[in-house]
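J.: I would like to see how this sequence folds:
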Amino acid sequence: MRWTVGWTIAGVAALAIGPAQAENSRVLQGNPAPVKASKAAARVAETAAAAAATAAAADQAYAQPVRQAPYANAFEQYKAYLSGRARSEGIRPATIQAVIPYLTVNGRVMELDRAQMPTGRPIQSDYFPSFRPYIDKHVTGTLISRGQSRYSSHWANLSRIQQVYGVDPSVIMAIYGKETSYGSVTGNFDLLEALATLAYEGRRRKMFEDEFIAALKLLDSGVQRWQLKGSYAGATGYPQFMPSVVLRLRADGDGDGYADIWRNEDDAFASIANYLRQAGWKRGIPWGVPVNVPANLNRAAIRSPMTPPRCAAVFKRHSRWMTVAQWRALGVMPVGRGLPDTELATLMETPGAYSPGYLLTQNYRAILDYNCSNYYAMSIGLLANAIARI
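T.: Okay, the predicted model is just below:
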């Protein structure tokens, strides 16, 4: 899921839904009162004319999208633009009319998003905080014990999912625990309102507009409006997927023919596994192994020559790829569970953590695809090991 460093697919702790969101969440649940027969004929022309005028205005707005402006009427113009785009994307008119006219700007969403903006302070690109404080905070005894309990109770289905997708069940469970505290914190923001607000704000307009349209497509596919709750940034369900990822990768984990990532844990597990598989997960190898790193290792010689297309600060910590046999020849020795000598791995040194370094496989890179942060990916790997008692 293509996030920058520190931007998690999943999101933030749940925040209480406000009256405006609660009002909007009922839009798709009610039916309009029937028009009396005596008034129907008189209103047909009026209704048709109004609909035509609305469509024409929205089409014009779609052709000439407005820029962000801090005024309420500007958001009304932007909603007209969204209506036009939604029609161009094939969204059903009934869905558009049930959602877009009732959207409002969510100030809390804007506040939280702006808190993520760069501060303007210079970044020390060669300084990396110690892993240990982060790991101690995010791989806790409580999180481990709850994960082990879920791991045991869901083992039959997790094992079947592993056969289908090849992903280690403990990694699936670790992501579930990290993202939503095993389903207890999934977010309570109205997803459509949050995405429309973020798109209107304009900092990453295209991305959030695309996600807004994807959320409308979920409604068209039969997902209920009340299910589309999540983080302020638009992630939803037990796996904390963005709507476009839900459309592409949610999977049926219990064989009932429907993938419900909001209420069905087994479907969420299969969806997480499906995500990691498409991100390049390799069956049968661990995400990484701890290693002892010799003091005289020539770090300049193992520096990666490649320039990453994204997350440069994340991949800067990774060496060039070499086989495990080549690492052994340099004195980098796995501790405990090893890797086949022919397996390719990259070295990341982790001063202050539980090991001086780790040889990381392509499965670690798959976890980074979920959230491009070494701190996140390392916490997932270590939590998974603890859950599986490795």
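J.: so where's the stretch 251-390 of the chain uncertain?
T.: Applying pLDDT under 70 to the stretch 251-390 of the chain flags residues 352-353.
J.: one more pass at 90, please.
T.: 306-310, 313, 336-338, 350-356, 390 (pLDDT under 90).
J.: and Leu359, what element?
T.: Using DSSP states H and E, the element containing Leu359 is strand 357-360.
J.: which other helices and strands does that strand contact?
T.: strand 288-292, strand 344-349 (3 or more C-beta pairs under 8 Å, 6 or more residues apart in numbering; DSSP states H and E). For the C-beta atoms, the positions are set from N, CA and C on the backbone; glycine is no exception.
J.: okay, these in a markdown table with distance to Ser355 and mean neighbour count next?
T.: Below are those laid out as a markdown table (distance: least, C-beta to C-beta, whole Å; neighbours: other C-beta atoms under 10 Å):
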| stretch | distance to Ser355 | mean neighbour count |
| --- | --- | --- |
| strand 288-292 | 4 | 22 |
| strand 344-349 | 9 | 22 |
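J.: out of those, which is closest to Phe131?
T.: strand 344-349 (9.7 Å; C-beta to C-beta).
J.: any idea how far the closest one is from the chain center?
T.: 25 Å (C-alpha atoms, centre = their mean, to the nearest Å).
J.: returning to that earlier point: grab the CA positions of the strand holding Leu359 and hand them over as CSV.
T.: The C-alpha coordinates for strand 357-360 follow below in CSV (Å, rounded to 0.1, in the frame of the first residue of the first chain):
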residue,chain,number,x,y,z
GLY,A,357,21.7,-7.0,13.0
TYR,A,358,19.2,-9.0,10.9
LEU,A,359,19.5,-10.7,7.5
LEU,A,360,16.2,-9.8,5.9
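J.: I'd like the next helix or strand past that strand.
T.: Heading C-terminal from strand 357-360 (DSSP H and E), you reach helix 362-370.
J.: the helix or strand following that following helix to strand 344-349, inter-axis angle?
T.: The C-terminal neighbour of helix 362-370 among helices and strands, as given by DSSP H and E, is helix 374-387. With axes from the mean of the first three to the mean of the last three C-alpha atoms, to 10 degrees defining the directions, helix 374-387 sits at 110 degrees from strand 344-349.
J.: export the helices and strands packed on strand 357-360 to TSV and tack on distance to Gly187?
T.: Formatted as TSV, the helices and strands packed on strand 357-360 follow (distance: least, C-beta to C-beta, whole Å):
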stretch	distance to Gly187
strand 288-292	30
strand 344-349	31
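J.: quick one: closest of those strands to Glu89.
T.: strand 344-349 (40.0 Å).
J.: for the closest one, name the packing helices and strands.
T.: strand 322-323, helix 324-329, strand 357-360.
J.: dump that strand to PDB, restricted to CA.
T.: Extracted in PDB, the C-alpha atoms of strand 344-349 (Å, rounded to 0.1, in the frame of the first residue of the first chain):
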ATOM      1  CA  LEU A 344      19.200 -13.900  -1.000                       C
ATOM      2  CA  ALA A 345      19.200 -11.500   2.000                       C
ATOM      3  CA  THR A 346      20.000  -7.900   2.800                       C
ATOM      4  CA  LEU A 347      21.700  -6.900   6.100                       C
ATOM      5  CA  MET A 348      20.200  -4.200   8.400                       C
ATOM      6  CA  GLU A 349      22.200  -3.400  11.500                       C
END
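J.: just want the angle from it to strand 288-292.
T.: 60 degrees.
J.: what helix or strand is Ala86 located in?
T.: helix 72-88.
J.: of all the residues in that helix, which ones are buried?
T.: Phe75, Gln77, Tyr78, Lys79, Ala80, Tyr81, Leu82, Ser83, Gly84, Arg85, Ala86, Arg87 (16 or more other C-beta atoms under 10 Å).
J.: could you check how far Ile390 is from Ala174?
T.: 12 Å (C-beta to C-beta, to the nearest Å).
J.: Val167 belongs to a strand?
T.: No - per DSSP: H, G, I helix; E, B strand; the rest coil, Val167 lies outside any strand segment and is coil.
J.: just give the closest residue to it, not the sequence neighbours.
T.: Ala273 (4.2 Å; C-beta to C-beta, 6 or more residues apart in numbering).
J.: isn't there a helix covering that neighbour?
T.: Yes - under three-state DSSP, Ala273 falls within a helix.
J.: for Thr140, find the nearest of the helices and strands packed on strand 357-360.
T.: Checking the helices and strands packed on strand 357-360 against Thr140 by C-beta to C-beta gives strand 288-292 as the closest, at 19.9 Å.
J.: by contact count, what packs against that closest one?
T.: Against strand 288-292 (3+ C-beta pairs under 8 Å, 6+ apart) you get strand 333-334, strand 357-360.
J.: state the next helix or strand along the chain beyond the helix holding Ala86.
T.: helix 93-99.
J.: list the buried residues for that next one?
T.: Thr95, Ile96, Ala98, Val99.
J.: same question, stretch 208-224
T.: In stretch 208-224, counting by 16+ other C-beta under 10 Å, buried: 208-220, 223.
J.: now the terminal residues of stretch 195-206, how far apart.
T.: 11 Å (C-alpha to C-alpha, to the nearest Å).
J.: contacts for the strand holding Leu359 next, please.
T.: 287-293, 318, 324, 327, 332, 334, 339, 345-350, 378 (C-beta atoms under 8 Å, 6 or more residues apart in numbering).
J.: distance between that strand and the chain's centre?
T.: With C-alpha atoms, centre = their mean, you get 25 Å for strand 357-360.
J.: likewise stretch 76-85?
T.: 26 Å.
J.: do the same with stretch 202-217
T.: 14 Å.
J.: ok, residues contacting it?
T.: 67-68, 82, 85-86, 89, 91, 95-96, 99, 113, 117, 191-192, 195-196, 198-199, 228, 234, 242-244, 246-247.
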